[in-house]
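> Pasting the sequence and the predicted model now:
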Amino acid sequence: MTRRIYFIRHGETDWNQAGRFQGRTDVPLNARGRAQAARSALCIREYFRIAGLPLHFAGLAASPLSRAVETAAIAASALGGSACGLPDAPEGIALDERLQEQDYGLWEGLARDQIEARFPGEWNIRFADAPRFQAPGGESMEAVRARVAACVAELDDGVLAAGHFGTAYALLLGYSDSPRDIPRISQEALYVFEERRVLEASVAHPQGRVIAACSWNALAGPGHA
């Protein structure tokens, strides 16, 4: 049987809207972000319906940052809570620090123009070597990839997880060593990570479309990574 981890990215925050790097800074969802979290739940429900799968999960995990926790709670409530294996209250969400966003160090709170002014040349270096680049005082994507892979290897088959752009990016790097192959990660879609492929289920593609295809051992399950 194919092992699956279901993933949603947190909804929008005011910093997202302003183009500011958030990282580990605990920025809450805004009104649009809460609406996006609810739309993620609709995408989940429709994907399961089209796939002919029972709407049931092995649990709910999330980054401890409030924007991810609130996204998880909104989605769980919209999906039916304990009726589909999800907690009925935020207190029931399994928080895991390994699902947190990449630590951007001194970049946090800054927009692109501010970064380019304060740290000349670093913006271009980041995009030339995204997996290994580390902002001053921050964390490399390779480090994020290692901790996220360790977390996923321990999650039960069928868990729904809520995290960040960096969390999803790190997971997708497990299927490709080329950052340029990684598509935009939506804040109102479901991502289905399987051992040999990743699907994105959205309003445009409710049945799910393959966005990555390559075996990744971390999705093989506990004891096999």
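The structure has been received and is ready for your questions.
> residues touching A68, list them.
By C-beta atoms under 8 Å, 6 or more residues apart in numbering, the contact list for A68 reads 10, 62, 99, 162-164. Where you see a C-beta, it was placed from the backbone N, CA and C, and this is true even at glycine.
> I'd like the next helix or strand past the one helix or strand in the chain whose mean pLDDT sits lowest.
Lowest mean confidence among the helices and strands of the chain (mean pLDDT, DSSP states H and E): helix 122-128, at a mean of 89. Once the chain leaves helix 122-128, the next helix or strand it forms, by DSSP states H and E, is helix 141-154.
> circling back: who wins on neighbours among the contacts of A68?
Of all those, H10 has the most neighbours under the rule other C-beta atoms under 10 Å, reaching 32 neighbours.
> Do I have it right that it meets L29?
Yes: shown here, H10 and L29 form a contact pair, counting by C-beta atoms under 8 Å, at 6.9 Å.
> Common neighbours of these two, please.
37, 67, 70-71.
> Compile those residues into JSON lines and extend it with columns for neighbour count.
As requested, the shared contacts of H10 and L29 are arranged in JSON lines below (neighbours: other C-beta atoms under 10 Å):
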{"residue": "A37", "neighbour count": "29"}
{"residue": "R67", "neighbour count": "29"}
{"residue": "E70", "neighbour count": "20"}
{"residue": "T71", "neighbour count": "30"}
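> neighbours around the nearest residue to E46 once chain neighbours are set aside, how many?
Nearest non-adjacent residue to E46, counting by C-beta to C-beta, 6 or more residues apart in numbering: P206, 4.4 Å away. P206: 18 surrounding residues under other C-beta under 10 Å.
> same deal with Q17?
For Q17, the neighbour count with other C-beta under 10 Å is 11.
> And T71, how far from L110?
According to C-beta to C-beta, to the nearest Å, T71 stands 24 Å off from L110.
> I'd like the distance from the closest residue to L79 other than its chain neighbours to E188, if you could.
In space, and not counting its chain neighbours, L79 is closest to A41: 5.2 Å by C-beta to C-beta, 6+ apart. Between A41 and E188 the computed distance is 10 Å (C-beta to C-beta).
> Could you do Q134 as well?
Taking C-beta to C-beta, one finds Q134 at 30 Å from E188.
> what do you get for S77?
Counting by C-beta to C-beta - S77 and E188 are separated by 16 Å.
> ok, now which ones touch G105?
G105 makes contact with 23, 134-139, according to C-beta under 8 Å, 6+ apart.
> before we move on, what about F7?
Counted by C-beta under 8 Å, 6+ apart, F7 has contacts 160-163, 167-168, 171, 190-193.
> Which members of those residues are positioned in strands?
Counting by DSSP state E, the contacts of F7 place 160-163, 190-193 in strands.
> Return a PyMOL selection command for the buried portion of these.
In PyMOL syntax, the buried subset of the ones in strands among the contacts of F7 is picked out as below (16 or more other C-beta atoms under 10 Å):
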select buried, resi 160+161+162+163+190+191+192+193
